[in-house]
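Q: What shape does this take:
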Amino acid sequence: MGAFFEIQDTIQRITEAIASVIGIDVTVIDENLERVAGTGEYKPLVGKRVPKDSVFEQCLRNYNPFIIDQPRVDTACLPCESKEICSEYGMICTPILVDGRAMGVIGLVALSGDQKAQFDKKREDYVTFLNKMASLISAKINEQKIFNDLLFANRQIETTIETLSEGILTIDDSGKIRFLNRAAKDLLKIDGNESLIGKHVRSVLPEISVSDLFETGAGYNNQEVFFSNSKRTFHLLSSGTPMISDDKVLGAVITLKDFHSLYRSLINIARRPEVVRFDEIIGHEETFLTAKDQAKMAAGSDSSILILGESGTGKELFARAIHSESSRRRNSFMAINCSAIPEQLLESELFGYEEGAFTGARKGGKFGIFEVADGGTIFLDEIGDMPLHLQAKLLRFLQEKKILKLGGHKPKEVDTRLIASTNKNLEEMIQKGLFRSDLYYRLNVIPIKIPPLRERKKDILLLLEFFLKKYNHLLHKQIEGFAKEVQEILLRYDWPGNVRELENSVEYAVNFETTSLVTKSSLTPRLKEPGVPAKTSLREKLQHLECEEIQRALQQFGPGVGGMEQAAQYLGVSRATLYRKILDLPKKVP
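A: Modelled structure (predicted):
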């Protein structure tokens with residue numbers, strides 16, 4: 001359908017008005033030679049094509065009016081395929097130009113001798129009048145085109161607004177809501193039968209800064225607002241922009257975002273995991289390669305993994321590589337060291353909390369790591385230091401894939417893979433009541449043991465070369481390698497701190513070396529004289545005093561659960577903390 005058929009009713013009314021005024025039939029055809037409108041005997045022919053090579057077609061091609069005094073004989077009629085059956089007495093037709101293009105023709109047709117006489121008498125007036133009618137139809141088509149363009153632009157805007165993930169509200173100058181998109185309805189939990197149109201925005205969002213919009217015309221950005229319904233309170237982030245015309249505020253556009261979704265996105269970006277590939281993890285020792293192969297195979301699974309190894313062996317590096325080569329690699333990798341966060345904070349860090357869960361709790365509550373990492377991977381380092389009551393919550397997650405926020409009542413399902421690690425003997429901790437056996441078996445689905453560096457002597461020179469290149473670059477040095485004497489020292493050393501200690505030792509040496517090779521003089525004191533005991537550090541002295549205090553408390557209150565409970569109260573720590581300290585002490589505590 002062309003532009004003429006879009007305003008067909010209007011054109012038909014124009015033709016009927018003309019015919020009633022001058023008493024002569026009128027017809028209009030479009031550029032496809034289809035009759036769009038007509039009066040008299042032409043009205044039943046609307047929608048049908050006119051004959052090929054007719055005067056109408058020639059008028060379209062030539063962009064000029066035609067006056068036919070002698071139908072069937074006139075030169076313009078000779079090509080027409082219907083001239084032999086033509087019953088017309090005369091015709092005036094003129095092109096309808098739209099933006100300089102002939103898009104149709106309007107014609108006056110005499111179907112009797114009287115009408116022909118009228119033609120001959122008022123020919124010039126009819127030509128002028130018909131040109132004006134052609135211009136009128138052209139103007140109507142342009143109006144329709146403008147209307148269609150506006151309608152299309154409006155639909156484009158509506159479609160764009162409806163597909164935005166942000167909620168959009170528009171309000172008038174009295175603060176009443178005039179429009180809201182689908183995302184806004186979802187954020188404000190509006191069902192299909194409820195409407196906010198006509199309500200004041202403050203009745204829905206009491207914290208909206210209407211004064212900033214209408215009094216100052218300045219708007220506002222990223223204001224935290226809260227929306228409550230009968231079930232719960234929702235935490236939103238809002239921005240407002242006034243609509244101003246001729247220095248007058250006519251209304252405003254308000255955007256709404258889900259605060260927690262935005263928070264998750266920002267955390268995901270801020271903590272975007274460092275991509276670690278297994279082929280980047282250095283080591284050729286057979287036991288180490290076995291651990292790498294096991295980890296690589298486990299990456300394709302969603303089963304829980306327990307990485308075992310001494311401090312500094314690269315447990316987190318393995319965990320990152322597993323995540324990077326898993327189907328979850330595009331989502332978050334969140335690492336938490338259970339021993340580095342105080343007991344009181346660890347639960348809220350892991351599981352989050354609801355508003356009002358405790359004094360000072362943030363309005364709207366807080367997401368925990370499990371929610372932030374939904375769809376990704378959580379790495380719990382030093383899992384052996386997790387308090388027993390949190391072990392129970394972690395077990396529930398592993399069993400049900402659900403978490404319960406601090407102060408919450410309704411568990412939430414999350415899809416997070418768990419990788420844990422420890423440098424402790426969890427089976428021994430189970431025997432002492434420090435670790436749950438059911439949690440251990442849930443974590444230990446795929447155990448991966450990383451061998452210590454003292455069992456990987458073949459890898460030491462490879463690691464030395466790698467870290468030398470790294471710190472040459474970082475410290476702008478050009479050290480070419482390690483002196484033979486230094487290599488022998490480093491190969492003999494047992495590396496109790498494993499790869500982390502080796503890296504620190506290389507960084508130390510590169511800082512102080514002034515020649516082209518790392519020499520013995522630039523090594524750490526521990527490496528220069530490994531047989532000479534180092535001076536007792538403050539940490540070791542404090543550990544010794546702590547050990548003596550624990551021994552005294554246990555001797556005073558006796559063994560057993562009751563004695564341990566009293567000893568813990570005496571020392572000002574929890575029973576779980578006392579158990580952990582006993583395991584960590586360098587001396588044997590009875």
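Q: Quick check, P95 in contact with V105.
A: Yes: in terms of C-beta atoms under 8 Å, P95 counts as a neighbour of V105; the distance is 5.7 Å. (Each C-beta comes from the backbone N, C-alpha and C, glycine too.)
Q: what residues are shared contacts of those two?
A: In terms of C-beta atoms under 8 Å, 6 or more residues apart in numbering, P95 and V105 are both contacted by the residues C59, L60.
Q: Between those two, which is the more surrounded one?
A: More neighbours surround V105 than the other of P95 and V105, with 27 against 24 (other C-beta atoms under 10 Å).
Q: residue contacts, the more buried one?
A: Taking C-beta under 8 Å, 6+ apart as the criterion, V105 is in contact with V28, I29, F56, C59, L60, C93, T94, P95, I96.
Q: Recalculate using a threshold of 7 Å.
A: Under the criterion of C-beta atoms under 7 Å, 6 or more residues apart in numbering, the neighbours of V105 are I29, F56, C59, L60, C93, T94, P95, I96.
Q: JSON lines please, covering these and showing distance to L434.
A: Formatted as JSON lines, the entries for the contacts of V105 read as follows, by distance: C-beta to C-beta, whole Å:
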{"residue": "I29", "distance to L434": "95"}
{"residue": "F56", "distance to L434": "99"}
{"residue": "C59", "distance to L434": "100"}
{"residue": "L60", "distance to L434": "95"}
{"residue": "C93", "distance to L434": "102"}
{"residue": "T94", "distance to L434": "101"}
{"residue": "P95", "distance to L434": "97"}
{"residue": "I96", "distance to L434": "93"}
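Q: Could you point out the helix or strand that follows the helix-or-strand element of the chain with minimal mean pLDDT?
A: When the helices and strands of the chain are compared on mean pLDDT, DSSP states H and E, helix 259-270 comes out lowest with a mean of 63. Reading on from helix 259-270 to the C-terminus, the next helix or strand found by DSSP states H and E is helix 286-298.
Q: Touching the helix or strand following that following helix from outside, list them.
A: With elements assigned by DSSP H and E, the helix or strand that comes after helix 286-298 is strand 305-308. Outside of strand 305-308, the residues within contact range by C-beta under 7 Å, 6+ apart are 298, 315, 318-319, 322, 419-422, 443-444, 446-450.
Q: Give me the subset of those residues lying in strands.
A: Judged by DSSP state E, strands contain the following of these: I419, A420, S421, T422, I446, P447, I448, K449.
Q: Please work out how many residues are found near the third one.
A: If I follow you right, that is S421. Neighbour tally, S421, other C-beta under 10 Å: 26.
Q: ditto for the fifth one
A: Residues contacting I446 under the criterion other C-beta under 10 Å number 17.
Q: Extract the C-alpha set from the helix or strand hosting D114 and format it as PDB.
A: Element membership for D114, per DSSP H and E: helix 113-121. Provided in PDB are the C-alpha atoms of helix 113-121 (Å, rounded to 0.1, in the frame of the first residue of the first chain):
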ATOM      1  CA  GLY A 113     -22.500  16.400 -23.700                       C
ATOM      2  CA  ASP A 114     -23.700  18.900 -21.100                       C
ATOM      3  CA  GLN A 115     -20.600  18.200 -18.900                       C
ATOM      4  CA  LYS A 116     -18.400  18.600 -22.000                       C
ATOM      5  CA  ALA A 117     -20.000  22.000 -22.700                       C
ATOM      6  CA  GLN A 118     -19.400  23.000 -19.100                       C
ATOM      7  CA  PHE A 119     -15.700  21.900 -19.600                       C
ATOM      8  CA  ASP A 120     -15.300  24.100 -22.700                       C
ATOM      9  CA  LYS A 121     -16.900  27.100 -20.900                       C
END
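Q: Report the buried residues of it.
A: The neighbour-count criterion (16 or more other C-beta atoms under 10 Å) identifies Q115, K116, Q118, F119 as the buried residues of helix 113-121.
Q: try stretch 33-44
A: Within stretch 33-44, the residues scored as buried using 16+ other C-beta under 10 Å are L33, E34, R35, V36, A37, G38, T39, Y42, K43.
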